[in-house]
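*Asks:* Here is my input, please return the structure:
(4 chains)
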There are 2 protein chains.
Amino acid sequence: MRVLVVEDEHKIANSIKKGLEQEAYAVDAAYDGESGFDLALNEDYDVIILDLMLPKLDGIEVCKQLRANQVHTPILMLTAKGQLNDKVEGLNAGADDYLVKPFAFAELLARVKALTRRPRNSIGSVLTVEDLSLDTLTFEVKRANKPIELSKKEFALLEYLLRNQGRTLTKDQIINHVWDYDADVLPNTVEVYIGYLRNKIDRPFKDKPPLIHTVRGFGYKIGRRK
Amino acid sequence: MRVLVVEDEHKIANSIKKGLEQEAYAVDAAYDGESGFDLALNEDYDVIILDLMLPKLDGIEVCKQLRANQVHTPILMLTAKGQLNDKVEGLNAGADDYLVKPFAFAELLARVKALTRRPRNSIGSVLTVEDLSLDTLTFEVKRANKPIELSKKEFALLEYLLRNQGRTLTKDQIINHVWDYDADVLPNTVEVYIGYLRNKIDRPFKDKPPLIHTVRGFGYKIGRRK
DNA sequence: AGTTTTTCTCAGTTGTTTCTCAGCTTGCTC
DNA sequence: GAGCAAGCTGAGAAACAACTGAGAAAAACT
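*Replies:* Residues are numbered from 1 along each chain as shown, chains lettered A, B, ... in the order given. From the prediction side, this is the model:
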């Protein structure tokens, strides 16, 4: 899967690039509208991530021009908070989805995946390990059929662990996926949140084996047995 | 309940819009096939009312394209008298019902209601949770058999909550379903309306457990126990 | 036209969540 | 089993999300 990121803030562009590369996407970056447009026209991408505010040629214009040139590649538009009203304009210009900045990388990834998935259906919203389940649609989390209340960050962290169950995730990976690109949190914060999750999903179920495991020196993983 | 009306005769489109709004639907209108298609694809409607004869992209085509794009929203097709033979084609293209012009508004309303009536937790036109009931046909709302008066927006919000009972709905989802496309209301408005509903359906029944629940960080849901 | 109701925003308050820090515990290595 | 790095955790400051009373503007009655 090839992705083009058109974004003038290098920090953001590169963090998206890195993150997607971790997920096995091939990513090109462009830092202004003009070169982004050229690349999109001449290369063959599966998704284009397009910032709204761009030097030389803004996102809406790039989008319109591409559509006018018969480029039908799905476009994910990035808009800053204040520009939210432009979402309509963006979608009218031919974008397929939009995302408001700042966003967590996991959110971006989910949308990119949705755009690359041909038939856009929303089944399979429930993630599980053992007797723990998390529904990304209704936000319900249960263990042994008992509902568990999580805060937003706890939920996002658990979702990320579950999507990669059995796999060890480093604190850096976790930070990059669960927090905003401009969040800049310490690795210790992850430790703290892992602690919160254990208090809610492992500690109250002492009769069962714990699901969250520390892999010393590497990170954390979720799954049965160590 | 959100409805999209696609009809090029502004007079008819607006009279449908007004009429449905009186019935507590949130209605968007489009006056040609292309913009109708765009809206239907990007927004989330509960019913689409689609004229057969349209500039830019005719009703049959819009219908086919929507189905091809995995949009399964019920479609009510409007046909003029002479086009009666096209009804077959319309139904083949994926429409769920059709109505011959000119029609009485009551007829249209009945069909829209028929299309929005889901077999789920509703017996006929009445939605219920515990001792609370809401009749989408007569607009009667009762708790413990005592009638409750709601404004149009309050009614629409409660209806949406009831149709998704037990499920947590985000403020964004609520805004998208209860308000129409160009409404652009703040999330706080939802909080305020939730407050109004609580004043009417939970606060006067202190002896019973509340039905409306806040799911902090995610949204609201209706149902028994937390 | 005047009155009432409804819709929606704003600002103040409250309680929760997010995140950091600092001290503590654990487990690995020699 | 001492020393050390990695991870854990309780406490607290700052940021945030939700609730609510008040009121302006619009819509609906009368």
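*Asks:* now the residue in chain A positioned nearest to DNA strand C, nearest residue through space, not along the chain?
*Replies:* Across chain A, the shortest distance to DNA strand C (C-beta to the nearest atom of the strand) belongs to A:Ser151, at 2.9 Å. No exception for glycine: its C-beta is placed from N, CA and C like everyone else's. Spatial nearest neighbour of A:Ser151, excluding adjacent residues (C-beta to C-beta, 6 or more residues apart in numbering or on different chains): B:Gly217 at 5.6 Å.
*Asks:* cool, and A:Val112?
*Replies:* Counting by C-beta to C-beta, 6+ apart, the residue nearest A:Val112 is A:Val47, at 5.5 Å.
*Asks:* Quick one: neighbours of that neighbour, just the number.
*Replies:* Number of residues near A:Val47 (other C-beta atoms under 10 Å in any protein chain shown) recorded here: 24.
*Asks:* What is the burial count for the residue of chain A found nearest chain B?
*Replies:* With C-beta to the nearest C-beta as the measure, A:Lys152 is the residue of chain A nearest to chain B, at 3.8 Å. For A:Lys152, the neighbour count with other C-beta under 10 Å is 11.
*Asks:* Just the residues contacting the helix or strand where A:Lys64 lies, thanks.
*Replies:* Element membership for A:Lys64, per DSSP states H and E: helix A:59-68. Under the contact criterion C-beta atoms under 8 Å, 6 or more residues apart in numbering or on different chains, helix A:59-68 has outside partners A:6, A:33, A:36-37, A:40-41, A:48, A:50-54, A:57, A:73, A:75, A:77-78, A:86, A:89-90, A:93-95.
*Asks:* What pLDDT does the model give the spatially closest residue to A:Gly33 that is not a sequence neighbour?
*Replies:* Distance criterion C-beta to C-beta, 6+ apart; nearest residue to A:Gly33, sequence neighbours excluded, is A:Leu57 at 2.9 Å. A:Leu57 is assigned 88 on the pLDDT scale.
*Asks:* Give me the three-state assignment for A:Leu57.
*Replies:* coil (DSSP: H, G, I helix; E, B strand; the rest coil).
*Asks:* burial count for it?
*Replies:* 16.
*Asks:* just A:Gly223 next, same as before
*Replies:* Other residues within reach of A:Gly223, judged by other C-beta under 10 Å, total 17.
*Asks:* list the contacts for it?
*Replies:* For A:Gly223, counting by C-beta under 8 Å, 6+ apart, the contacting residues are A:Val129, A:Gln165, A:Gly166, A:Leu211, A:His213.
*Asks:* Could you rerun that using 6 Å?
*Replies:* With contact taken as C-beta atoms under 6 Å, 6 or more residues apart in numbering or on different chains, A:Gly223 is in contact with A:Val129, A:Gln165, A:Gly166.
*Asks:* How about A:Gly36?
*Replies:* Taking C-beta under 6 Å, 6+ apart, one finds A:Val6, A:Ala30, A:Val62 in contact with A:Gly36.
*Asks:* Leaving out chain neighbours, which residue sits closest to it?
*Replies:* A:Val6 (3.3 Å).
*Asks:* ok, that neighbour to A:Asp38 distance?
*Replies:* To A:Asp38, A:Val6 is 10 Å away according to C-beta to C-beta, to the nearest Å.
*Asks:* what about those two, which has more around it?
*Replies:* Using other C-beta under 10 Å, the more surrounded residue of A:Val6 and A:Asp38 is A:Val6, with 27 against 11.
*Asks:* Verify the contact between the more buried one and A:Ala30 for me.
*Replies:* Yes. Contact criterion C-beta atoms under 6 Å: A:Val6 and A:Ala30 qualify, at 4.8 Å.
*Asks:* Tell me the first helix or strand C-terminal of the helix or strand hosting A:Leu4.
*Replies:* Assigning secondary structure by DSSP H and E places A:Leu4 in strand A:2-6. Per DSSP H and E, the first helix or strand lying C-terminal to strand A:2-6 is helix A:10-22.
*Asks:* Tell me how many other residues surround the nearest residue to A:Phe205 once chain neighbours are set aside.
*Replies:* Nearest residue to A:Phe205 in three dimensions, chain neighbours excluded: A:Arg143, at 6.0 Å (C-beta to C-beta, 6+ apart). By the criterion of other C-beta under 10 Å, A:Arg143 has 20 neighbours.
*Asks:* just to revisit the earlier point, okay, and the beta partners of the residue nearest to A:Gly36?
*Replies:* A:Ala30, A:Leu50 (DSSP bridges).
*Asks:* which residues touch it?
*Replies:* A:Val6 neighbours (C-beta under 6 Å, 6+ apart): A:Ala30, A:Gly36, A:Leu50.
*Asks:* Rebuild the residues you listed as CSV, extending it with pLDDT.
*Replies:* Formatted as CSV, the contacts of A:Val6 follow (pLDDT from 0 to 100):
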residue, pLDDT
A:Ala30, 92
A:Gly36, 92
A:Leu50, 92
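*Asks:* now the residues you listed in JSON lines, with distance to DNA strand C?
*Replies:* What follows is those, written out as JSON lines (distance: C-beta to the nearest atom of the strand, whole Å):
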{"residue": "A:Ala30", "distance to DNA strand C": "30"}
{"residue": "A:Gly36", "distance to DNA strand C": "30"}
{"residue": "A:Leu50", "distance to DNA strand C": "27"}
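*Asks:* could those be laid out in a markdown table, adding distance to A:Ile201?
*Replies:* Shown next, in a markdown table, are those (distance: C-beta to C-beta, whole Å):
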| residue | distance to A:Ile201 |
| --- | --- |
| A:Ala30 | 43 |
| A:Gly36 | 43 |
| A:Leu50 | 38 |
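*Asks:* got a pLDDT number for A:Pro210?
*Replies:* A:Pro210 is given a pLDDT of 92.
*Asks:* my read: it touches A:Asp202, true?
*Replies:* Yes. Using C-beta under 6 Å, A:Pro210 makes contact with A:Asp202 at a distance of 4.2 Å.
*Asks:* quick check, nearest of the contacts of A:Gly223 to B:Arg198?
*Replies:* The nearest member of those to B:Arg198, counting by C-beta to C-beta, is A:Val129 at 36.6 Å.
*Asks:* measure A:Val185 to A:Tyr196 for me?
*Replies:* From A:Val185 to A:Tyr196 the distance is 14 Å (C-beta to C-beta).
*Asks:* I'd like to know which elements the lengthiest helix in chain A is packed against.
*Replies:* Ranked by residue count and defined by DSSP state H, the top helix of chain A is helix A:187-201. Judged by 3 or more C-beta pairs under 6 Å, 6 or more residues apart in numbering or on different chains; DSSP states H and E, the packing partners of helix A:187-201 are helix A:152-163, helix A:171-178.
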